[in-house]
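**Q** Could you work out the structure for the sequence below:
(one chain, ligands or ions: 1)
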Amino acid sequence: MAIENTLSIIKPDATKRNLTGLINAKLENAGLKIIGQKRIQLNKTMAENFYYVHKDKPFFNDLVSFMTSGPVIVQVLRGDNAIKINRTVMGATDPNEAEEGTIRKEFAETIEANSVHGSDSLENAKKEIAFFFAEIEIINQ
Ligand code: CMP
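**A** So this is what the prediction gives:
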């Protein structure tokens with residue numbers, strides 16, 4: 001296995017309910033190290049650009065509205081097999097399908113307000129990290 005960095009976002013539904021610490025504990029308990037983290041407010045252009053791959057989906061406009069409805073925490077997670085481990089601890093996109101013990105099973109409200117985002121591949125992780133972070137903001141240890 002390889003050491004990887006992946007991008008995580010704690011979404012507005014979770015920051016509004018003050019769940020950052022509980023979500024971070026789940027990430028750390030899964031063996032992931034939070035090597036970069038900041039609380040930001042996305043604007044419409046940033047959210048549209050970040051989710052550009054979904055621009056033709058019926059839920060795109062709602063997703064952009066939701067992601068700009070409050071602060072988010074963007075973070076870089078590092079560890080062995082970090083992309084897969086993060087997606088496992090996040091759980092399925094739809095909280096109704098998420099397994100017990102996962103972040104989305106415990107905290108997500110709906111398929112849209114699903115508390116967290118995580119990169120789905122190494123290629124996307126690199127792009128998504130570069131979207132939010134300067135190199136100086138990431139400590140690789
Ligand atoms: P995320 O992992 O951030 O990637 C795209 C997001 O779109 C997803 O989490 C959900 O928040 C949202 N999403 C995916 N599918 C749907 C859907 N069917 N209806 C509404 N929102 C969705």
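**Q** So residue 37: helix, strand or coil?
**A** strand (DSSP: H, G, I helix; E, B strand; the rest coil).
**Q** That one and residue 23, how far apart?
**A** 11 Å (Cβ to Cβ, to the nearest Å). C-beta here means a position set from N, CA and C on the backbone, and glycine is covered the same way.
**Q** Which of these two has more residues huddled nearby?
**A** residue 23 (23 against 17; other Cβ atoms under 10 Å).
**Q** In contact with the more buried one, which residues?
**A** 10, 14, 103, 107, 115, 116 (Cβ atoms under 8 Å, 6 or more residues apart in numbering).
**Q** How about the secondary structure of it?
**A** helix.
**Q** so the residue lying closest to residue 112 once chain neighbours are set aside, which of the three states?
**A** Counting by Cβ to Cβ, 6 or more residues apart in numbering, residue 66 is the residue found nearest to residue 112 once chain neighbours are left out, at 5.6 Å. Using three-state DSSP, the structure places residue 66 in helix.
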